[in-house]
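*Asks:* Starting from these lines, generate the structure:
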Amino acid sequence: MIGLFIFTSMYKLEKKTIIPVNINEAWSFFSDPLNLDLLTPDDMGFQIISTELSPMYPGQIIQYIVRPFLNIPMKWTTEITQIHAPDFFIDNQITGPYSIWHHQHFFKQIDSNHTEIKDLLHYKLPFGILGEWVHYLFVKNRVQEIFEYREKKLLHLFSS
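*Replies:* Reported below is the predicted structural model:
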């Protein structure tokens, strides 16, 4: 029985969006932690509670409150672990709803006025087989919806 709680799946989501700005403008937007609020659906109840929010730097800790399920507030803490401006940055969850959350953000200049934003997310839920069921029933679709919302919001923000 214990084995059912140890071996759980790592999930992967990959999303590419092309926005009509150059790579430096895209980087400027994404490297400001306050803009994360703009890219998060309202029903997530997203709220940054960190007080020091300068542009990103390696080792930066950012704390949030999110309400991902049933409007129950959860504290989420991430660390910006790597930055190579303007090409990529990586954040990892330190505490929060996932047992692993590893989010890579890549920026690629397509032409002088377009940048591809690629998100590569690896995540894992806690609670073994129960987490697998919760993923299948709720989390998988919710994570996809969040990134679809983000894509629509980016296109709206940068096409206006």
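*Asks:* Go through the protein and flag its longest helix.
*Replies:* If you go by DSSP state H, the chain has its longest helix at helix 140-159.
*Asks:* What is that helix packed up against?
*Replies:* Packing partners of helix 140-159 (3 or more CB pairs under 8 Å, 6 or more residues apart in numbering; DSSP states H and E): strand 11-19, strand 114-124. The C-beta positions use only the backbone N, C-alpha and C, and glycine is treated the same way.
*Asks:* Mind doing that once more with 7 Å?
*Replies:* Helix 140-159 is packed against strand 11-19, with contacts defined by 3 or more CB pairs under 7 Å, 6 or more residues apart in numbering; DSSP states H and E.
*Asks:* Which neighbours in the sheet does the strand it packs on have, and how are they oriented?
*Replies:* With DSSP bridges as the test, strand 11-19 is paired with strand 114-124 (antiparallel).
*Asks:* Alpha carbons of the partner strand, as CSV, please.
*Replies:* Presented in CSV, the C-alpha positions along strand 114-124 are these (Å, rounded to 0.1, in the frame of the first residue of the first chain):
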residue,chain,number,x,y,z
HIS,A,114,7.6,39.5,-32.8
THR,A,115,8.8,37.3,-30.0
GLU,A,116,8.0,33.8,-29.2
ILE,A,117,7.3,33.1,-25.5
LYS,A,118,7.7,29.4,-24.6
ASP,A,119,6.6,28.1,-21.3
LEU,A,120,7.9,24.7,-20.2
LEU,A,121,6.4,23.6,-17.0
HIS,A,122,7.1,20.4,-15.1
TYR,A,123,5.0,19.8,-12.0
LYS,A,124,4.0,17.0,-9.6
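*Asks:* Mind listing what's buried along the following helix or strand past it?
*Replies:* Moving toward the C-terminus from strand 114-124, the next helix or strand (DSSP states H and E) is helix 128-134. Neighbour-count burial for helix 128-134, counted by 16 or more other CB atoms under 10 Å, picks out Gly128, Gly131, Glu132.
*Asks:* Closest to the centroid, which residue in the protein?
*Replies:* His103 (5.9 Å; CA atoms, centre = their mean).
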